[in-house]
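**Q** Let me see the structure of the following:
(one chain, ligands or ions: 1)
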Amino acid sequence: MDLRPDEISALIKEQIKHFADQLESKDIGTVMTVGDGVTLIHGLDDAMLGELLLFPGQVYGMVMNLEEDAVGAVLLGDEGTIKEGDEVKRTGRIIEVPVGDGLLGRVVNPLGQPIDGQGEIVYQHTRPIEKIAPGVMTRKSVDQPLQTGITCIDAIIPIGRGQRELIIGDRQTGKTAIAIDTILNQKGQNIYCIYVAIGQKNSTVAQIVEKLRQGGAMEYTTVVSAGASELAPVQYIAPYAGCAMAEEWLEEGKDVLIVYDDLSKHAVAYRTVSLLLKRPPGREAYPGDVFYLHSRLLERACRLNEEHGGGSITALPIIETQAGDISAYIPTNVISITDGQIFLQQDLFNSGIRPAIDTGLSVSRVGSSAQIKAMKQVSSSLKLELAQYTEMQAFAQFGSDLDAATKATLEHGQRVREVLKQAQYSPRSVAKQVVTLFALKYGYTKQIAVTKVNMFMDELYQFIQNQHPEIIDQIQQEKSIDDELTLKMKEVMKAFVENFLKVNKDG
Ligand SMILES: Nc1ncnc2c1ncn2[C@@H]1O[C@H](COP(=O)(O)OP(=O)(O)OP(=O)(O)O)[C@@H](O)[C@H]1O
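**A** Numbers count the residues shown, from 1 in each chain. Predicted coordinates:
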């Protein structure tokens, strides 16, 4: 038989054309390697970054690497059932979590599944965990306060709704305590709260949930927990899942507070995932995009303008430092992303100054515009007074012969310090904070012994509450202290101090 080359090529072309028809869809791939919670898959040419993949045994994975001829994915479940050659299906969607009011009072994992043993979550719809942050035209500047109930923060480092304020400090310095107290203080404030626990022990999370429940805070709070024993990819998605839940309420025009406890562990989980996926390590072995990891999360905190519902997400990320080193990689990254930081010092904590906030290194870049006028009036000089006190205290250690002005600064500073000390789970109302700081500002604590300052403040507030409730009402309603109120408060306080000194003879 005589076949010409062009006929042969035409035949082959025809065959190939039909062969192409028989090829399986690009939506199914094959596992090339699997191990350490990551897999390489061949054949998923159209896979998207962050897409969910379905493995045999109903195990899900998430696409993290798009390589030239393979796709790298992390597994969100047990890898024991998956082996080389297994089929992998695309799902065409990225991870979604249930959202809505059904989540209030519940403890869920980062996939939105309940882990509190209280039955299924009731929800109408789900949301993808990743979303591009609202643009600048939809936002509004921060102008409403978010009261933490902690005097030191509300007076010196105020937080506004829609702000991102970092809580940073060494281990066991009271970081979580500040976040939990803030959640507890939102009772009756019409703010929804989400507490995202990343890499914490389940027992710690259980204790926190119990505290919130006792304080009646679970009614408006959701806890998202990715425990220390969870796989790194699950810890990695936890804050995004929490943020997606917050965004649902945000779009309904509500105010939300979200705590990420803590982002150091989150960065470590991401580093684990990245190294397993053989991404090149950078500084401190973190991958190059670790800044983006946190910036895209924290950018989602915002205050929307009225046309977009006027809701807000206030974010309180937590970062743990090693030996107070805030210049390490992750702390500097997050400091530069957020609108300020509350810096907690081990030394202060150990010397009994709790919350151990270093007012010199702490700052709030936008919160002061959200502070109510009354608070501004009584707290504007506090930071300076504390700085002067700390400076003089160091200097006074060298000599006993101090002039009267120095002595007065030291005495006043001691009282300021005392007032700013606050036990856990005892948030103070705005009115109480204003009354307390007013007494401090106008020197009504001068004659009170340092050890009795807090008792004095409690009794003073109680007295005003009982005998002069109109003062409290005016502070709450007018949100400022006019001349008339100033005179009245001075009069009431003068009389109270005299009486207090009579009863407590030693001051
Ligand atoms: N204002 C406070 N007054 C008294 N004790 C406090 C105060 N704040 C925190 N503590 C105590 O200090 C300890 C550490 O607090 P917490 O767990 O909040 O710190 P942390 O920095 O979040 O710790 P970790 O490093 O474990 O995350 C706890 O036992 C807590 O009860």
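**Q** Quick one: residues contacting Glu87.
**A** When contacts are counted by C-beta atoms under 8 Å, 6 or more residues apart in numbering, Glu87 touches Ile28, Gly29, Thr30, Val31, Pro56. To be clear about C-beta, it is placed using only N, CA and C from the backbone, and glycine gets the same treatment.
**Q** quick one: it from Asn65, how far?
**A** Going from Glu87 to Asn65 by C-beta to C-beta, to the nearest Å gives 20 Å.
**Q** Report the buried residues of stretch 327-346.
**A** Judged by neighbour count (16 or more other C-beta atoms under 10 Å), stretch 327-346 contains these buried residues: 330-331, 333-335, 337-346.
**Q** Which of those fall within strands?
**A** Gly340, Gln341, Ile342, Phe343, Leu344 (DSSP state E).
**Q** Give me the pLDDT value at the first one.
**A** Looking at Gly340, its pLDDT stands at 94.
**Q** Who are the contact partners of it?
**A** Ile157, Gln163, Glu165, Leu166, Ser362, Val363, Ser364, Arg365, Val366, Gly367.
**Q** Can you check these and name whichever has the most neighbours?
**A** The most crowded member of the contacts of Gly340, judged by other C-beta atoms under 10 Å, is Glu165 (29 neighbours).
**Q** residue contacts, that residue?
**A** Glu165 neighbours (C-beta under 8 Å, 6+ apart): Ile157, Ile159, Thr314, Ala315, Leu316, Thr338, Asp339, Gly340, Gln341, Ile342, Ser364, Gly367.
**Q** How far off centre is the strand or helix carrying the fifth one?
**A** Looking back up the chat, that one is Leu316. Counting by DSSP states H and E, the element that carries Leu316 is strand 312-320. Chain-centre distance of strand 312-320: 2 Å, with C-alpha atoms, centre = their mean, to the nearest Å.
**Q** Output the contacting helices and strands for it.
**A** strand 166-169, helix 175-184, helix 232-251, strand 255-261, helix 263-276, helix 290-298, helix 329-337 (3 or more C-beta pairs under 8 Å, 6 or more residues apart in numbering; DSSP states H and E).
**Q** now the longest one, how far from the centre of its chain.
**A** Right, helix 232-251. Remark: helix 232-251 is offset 12 Å from the chain centroid, using C-alpha atoms, centre = their mean.
**Q** buried set for that helix?
**A** Across helix 232-251, burial judged by 16+ other C-beta under 10 Å covers 232-250.
**Q** Now narrow these to whatever sits close to the ligand.
**A** Near the ligand, taking C-beta under 6 Å from any ligand atom as the test, no member of those is found.
**Q** quick one, domains of this protein?
**A** Under the assignment automatic domain parsing, the domains of the chain span 11-93, 97-371, 377-503.
**Q** follow-up on the earlier one: between helix 290-298 and the strand holding Leu316, find me the angle.
**A** 140 degrees (axes from the mean of the first three to the mean of the last three C-alpha atoms, to 10 degrees).
**Q** With just CA atoms, put strand 312-320 into CSV.
**A** Extracted C-alpha coordinates of strand 312-320, given in CSV (Å, rounded to 0.1, in the frame of the first residue of the first chain):
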residue,chain,number,x,y,z
SER,A,312,-17.8,48.7,61.8
ILE,A,313,-15.3,46.0,62.6
THR,A,314,-12.9,46.8,65.3
ALA,A,315,-9.9,44.4,65.4
LEU,A,316,-7.8,43.7,68.5
PRO,A,317,-5.0,41.5,67.2
ILE,A,318,-2.6,40.0,69.9
ILE,A,319,1.1,39.4,69.4
GLU,A,320,3.4,37.7,71.8
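**Q** Tell me the residues on the stretch 401-507 of the chain that lie near the ligand, please.
**A** Residues of the stretch 401-507 of the chain lying close to the ligand (C-beta under 6 Å from any ligand atom) are Gln422, Ala423, Gln424.
**Q** mind giving me TSV with these and columns for distance to Asp483?
**A** Shown next, in TSV, are these (distance: C-beta to C-beta, whole Å):
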residue	distance to Asp483
Gln422	30
Ala423	35
Gln424	38
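**Q** Turn the buried ones among the residues you listed into a named PyMOL selection, would you?
**A** Buried members of these, defined by 16+ other C-beta under 10 Å, are picked up in PyMOL with:
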select buried, resi 422+424
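**Q** Any idea which residue of the stretch 301-450 of the chain lies closest to the ligand?
**A** Minimum separation of the stretch 301-450 of the chain from the ligand (C-beta to the nearest ligand atom) falls at Arg354, amounting to 3.6 Å.
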